[in-house]
Structure formats: C-alpha cells, structure tokens
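**Student:** Here you go, sequence then predicted model.
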Amino acid sequence: METAEVDYLIIGAGMAGTVLHRFLQHDSVAILDPRPAGYKIGESIIPEHFLHPELRQLVPKAKQLPSYAPKFGVMFVCDGSVASFPLPAHGADAAMHVARSELEALMHQEWQTPVVRERVTDVQLSDRIVVTDQRQYKVRRQIIDCSGPAMVVARHCAQIDRLWPVWARWAYLDIEAIQDDAFWSHLRNNDMEYRRFDVPNGQLLPAEEDPDWRPSRNTILTQIAPGIWTWQIPLYDHAILSFGVVSRHGMPTEEDLFAAATKHAAPHYRLRRRSPSEHWLDRIHTRGNFARMANPIATDDYILLADAAGFADPVYSVGTGLAVNKAIELASVLNEEGWNPTTRDRYIADHTQLFDRAFKAFDTWYTGEVMTNDAAAREVQSGFLMGTAFQVGIAQQYSRVLADAGPAQLEGEGEVPGRHQIDPTATPLTEAVRDLLTLSAEQTLAGWQLTGAYRTPTEVQHRWSRDGMPELVVNTSFDPANTRYYRRIGDISLSFMNLWDREYPMDASCVALFDALEDRIAAATDAWHALAQATH
C-alpha cells in the first residue's frame, strides 16, 4: 500500500476541519473526507460562527445560497409560556439558517480547500499511521480528528463514554404560508406569557407584543413532555421547515414525528408533507444514542476537536460556532507554541470545562425540574406563571453556552465593546512576557494563568484565564497620551477588553491581577520598552 508522510493529518472537512486547515500555517497538512460538503444536520448558525474576519467575508455569499433564511434569534416554548432570545443588532447580520452542506461547499470553494476524498479505515496510534481506502499516512506530528459525531479516532483509539440515552428523528416540511400575526394571537388566545431575554443582565423580562418582531425568523425549541422536545428551523427563504423530535425515552416513530408537527408546529406556519424521494430534503432522518464523549480527548499523538471529542445534543444551535472558533484557537496554539504537554493539558482542561457547561445546559432543558420539584413548583405558582422559573434556568444556561460558542479572545474596550480575535500570523511573545513577569513554571500570577501573548501594531497583548471567569485580554501600551487605559506605570499603560455584549465582569480577582501586573512591570520598565521596540 502506498504511504504518504505528513506533519498534520486532519480527518473530516466539515466546519472544524475546514477552518483548522485554513488557519493552520504549515506546509505539510492533509485533510481527508470521503464526502465533503455532504448532508449534515445543524442548520441554525449563530453570529459567533462568522466572528473572525476570514469568515465574516463569507457572509454576503452565504446569504446568496439557495437554502439561506435570515435568523432573528431563538425561542423556547414550555408550559404555557414563551421565552424569546433576540440577537443583538451587532450580531444579527451574521446569524442565519442555512444548509450545512451548502455552507461547507462555499467555504471549500472560497478557500480552495484541498480535500482528499478518502475514507479512514484504521488508525494505528502506536506508529501514528492512518489507513484509508486508498493508502496509508505516516503522521509526524498529530492526527487531528474533526469527523464530528462519527468520532473516527476515538472509535479506534479511545474510550467513548455514553452520556445519556437520546434519540432524534427529523424531516423537512413545505411551508405553504406564514402569518406572523398568528403567533401573537395564539399567545393571547391561550393566555401564554411572553418574555424576552435581556442579554446584558442575563435575565428574562416580561415583554409586550411587538408587531415588528418576526417569529418566523427564529429557531423554535418546544418542550412537549419531560425529556422530549422539538426543533423548528426555517430554510430556503422560509419555504421549507426543518422539524425534529428529540427524546430521552426511545426513538420517536414516524407517526410521533408528524403528530408532533401537527400539534406543536408554530402557529404562524401552515405546513405540508413533502413527497418521499432520495433527496435529503425528502427523506426522514434518524440518529440514536448520539450523546457521547471521548476519553481522553487529546494525547501526544492525537487531538479530538469539537464534536469528535464530545457530542451531546443539537438543542442550542451553537455547534458550528463552537467548532469554528475552537478550530481557530487550536490553529493559533499549534502555530505559536506547538503541541507539548503544557498545551495538551491546557486543551484538555479547557474542553472539559466547556463540555461540562454545555451538558449542564442540556440537562436543564431535559429534566424539566419545575415539573418535578415541589419547591420549584410552589415558587412558580406563588410568583410566576407555570414555566417561568424553568425558563429562567434555561436562560442562564443558554447565555453561558452562547458565551462559550465564541472564541476565548476578546476585542474592543470602553464604549465600543466587542470580541478580540487573534491574528494567527501575529508574532508570539508568550515566553518573553512570561520572563518579564517572572512567572512560575505554571505561568500563574495572582491566581490567573497566562495563556498567550502577541504583538499588535501598537501594543503588547497578553491573555489570562481563571476558573469561572471569561478570558481576560490585557493591552500593554507605551503612549498613554493617545491611549485609553485602566492603569498607568510611568509611560506604560494597561487596559483591558470588554466582552462583545457587555463590560468585562471586573471583580476582586481582576483587581489583584492588575495589582500584580503593575508591580512586576514597574520593576522592569526598561525591559518592557525594549520588548515593545523589538516588536516593531
């Protein structure tokens, strides 16, 4: 059998693999996929998917794809009430409903992704050999699995833990008519409470009817029984509806699926079943026991990324956002530091925390605590309409998972908050900053860990992480007269970047970090100036 040698081998040319290949700055990389841009579920795209400028450039062409439909937000329906999660104005332009196959094909075309159409048949980890249906690959560095729920590498090399039993059945229905006013009439006629999620405050607040709000431009998630929910996602300029049933009580039957569509379809839709054919839009799709997690998710030899490491549920529509942004982060790590025990352990810890938060969010939706917990039920009855307390819990978990969907890096400060995106071509300065700050071997300072440092045209930028806090990006500048700053050490200033939807949640731990930074920088100002001059 023919043998090819590469430094990195990427398995899967979906969202994660395609983006990783685009950002990984290395000449010896192969990306394998037997059926690139094939059918996949996951048609609700969050703004964070297109956060990086490279992906943002794709938005105009993505909006021209046949399956495109605008997305205003997400709505949860449960126990006589509706919780609406509108997208902020600065994010709505990059949100959309679109077929994954079309979006991935667009990415491949625009980036000229050299996908090798081969199927992996074996992984021999001891020798870092990947065997396909046509040849074998000797991998000099790491095998990176981006195969999604197929979990190709984990099936060969790791333990796969089943998280919980869960099954899904879905189909596509023609939308014959849309009447958004019927949504408000349905709420009034059924005495349903309507609430909107206030992103900055993390709260669901009572809201009035809004004739300008288009319910048909939303992903809709409805809990129809404990452990059973439906999704509704409009596609093709709202001509076709993706409708699915997910259950923890066994595979929904075809009758269950269409009965749920009849009873629980949003009131503003009039739907019709499509005629069966072999086209993906005309088939009924199923997936069973798909909530799984690989252990370990990374070793010296392989790295499992996004759904190939752990896949729970499509409930929050954040899968592609997570895949894209974690792929960019991984590429930055490999470009800057390479794969070593430190970066490996940090990767595992970061993803373990991410999966834990996501799984808790899914559990909030599935357990229906308000329907089984007496104390919660009494609280609802005494102070709210039935379902409100449950939806407040969903809101809190949902907002956290949305935060995780974006990259850890942040952008913007002061009056123009936004997220910072690391330029993968930036000059890495992590070791230099670590030495100037005289950090411990663990790279910690005041309980924070240094996770990276880079040059920008005007600053030295360093990133810090701490359990329970969003990643904090600190800018060290050398011209305070022309720089907004939080702390000043002579002619060196320190500022920090806000989150995209609110100010950074500064607390005592953040103040302690800046106190420590101020002391360490004051003790080595000449060296910091020398570092700044060396980066320009």
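**Tutor:** It's in. Numbering: from 1, shown residues only.

**Student:** The stretch 251-400 of the chain: helices as residue ranges?
**Tutor:** Under the criterion DSSP state H, counting those that start in this stretch, the stretch 251-400 of the chain contains helices at 254-264, 319-336, 341-367, 369-372, 374-383, 388-405.

**Student:** mean pLDDT for those helices: which is lowest?
**Tutor:** Comparing mean pLDDT across the helices of the stretch 251-400 of the chain, the lowest value falls on helix 374-383: a mean of 34.

**Student:** Tell me what residue 465 is bridged to.
**Tutor:** Note on residue 465: beta-bridge partners by DSSP bridges are residue 449.

**Student:** Pull the contacting residues for it.
**Tutor:** 408, 448-449, 451, 471-472 (Cβ atoms under 8 Å, 6 or more residues apart in numbering). Where you see a C-beta, it was placed from the backbone N, CA and C, and this is true even at glycine.

**Student:** If I look at it, what pLDDT would I see?
**Tutor:** For residue 465, the predicted pLDDT is 91.

**Student:** what does residue 38 give?
**Tutor:** pLDDT for residue 38: 93.

**Student:** The residue nearest to it when sequence neighbours are not counted: what's it in contact with?
**Tutor:** In space, and not counting its chain neighbours, residue 38 is closest to residue 101: 6.1 Å by Cβ to Cβ, 6 or more residues apart in numbering. Residues in contact with residue 101 (Cβ under 8 Å, 6+ apart) are 37-40, 280.

**Student:** any idea which helix or strand carries residue 101?
**Tutor:** For residue 101, the host element (DSSP states H and E) is helix 100-111.

**Student:** Run the chain-centre distance for that helix.
**Tutor:** In terms of Cα atoms, centre = their mean, to the nearest Å, the centre of helix 100-111 is set 18 Å apart from its chain centre.

**Student:** And for stretch 335-344?
**Tutor:** 22 Å.

**Student:** got the buried residues for it?
**Tutor:** Buried residues in stretch 335-344, counting neighbours by 16 or more other Cβ atoms under 10 Å, are found at 335-337, 339, 343-344.

**Student:** Residues touching that stretch, excluding its own?
**Tutor:** Residues from elsewhere that reach stretch 335-344 (Cβ under 8 Å, 6+ apart): 23-26, 141-142, 298-300, 303, 333, 424, 428, 430, 452.

**Student:** what residue ranges in the protein score low on pLDDT?
**Tutor:** Applying pLDDT under 70 to the chain picks out residues 88-91, 198-204, 313-317, 360-426, 480-484, 500-502, 535-536.

**Student:** on that earlier part again, can you name the element that comes right after the helix holding residue 101?
**Tutor:** Scanning onward from helix 100-111 (DSSP H and E), the first element met is strand 115-116.

**Student:** Next, the buried residues of the following helix or strand past that next one.
**Tutor:** Next in sequence after strand 115-116, counting helices and strands by DSSP H and E, comes strand 120-124. Buried positions in strand 120-124, judged by neighbour count with 16+ other Cβ under 10 Å: 120, 123.

**Student:** Just give the strands next to strand 120-124 in its sheet, each with its orientation.
**Tutor:** If you go by DSSP bridges, strand 120-124 pairs up with strand 129-132 (antiparallel).

**Student:** got a list of what residue 14 touches?
**Tutor:** 33, 40, 100, 104, 146-148, 323.

**Student:** Could you pull up phi and psi at the residue nearest to residue 56 when sequence neighbours are not counted?
**Tutor:** Distances taken as Cβ to Cβ, 6+ apart put residue 50 closest to residue 56, at 5.0 Å, once the chain neighbours are dropped. Taking degrees, to the nearest 10, you get phi -110, psi 30 for the backbone angles of residue 50.

**Student:** and residue 50, what is it in contact with?
**Tutor:** 56, 58-59, 62, 94 are the contacts of residue 50 under Cβ under 8 Å, 6+ apart.

**Student:** now do residue 178
**Tutor:** 216, 238, 268-270.

**Student:** So which of these are in strands?
**Tutor:** With strands taken from DSSP state E, the overlap with those comprises 269-270.

**Student:** Would you mind getting the angle between the longest strand along the chain and helix 254-264?
**Tutor:** If you go by DSSP E, the chain has its longest strand at strand 167-178. Calculated by axes from the mean of the first three to the mean of the last three Cα atoms, to 10 degrees, strand 167-178 forms an angle of 40 degrees with helix 254-264.

**Student:** in strand 167-178, what counts as buried?
**Tutor:** By neighbour count on 16+ other Cβ under 10 Å, the buried set for strand 167-178 is 167-173, 175, 178.
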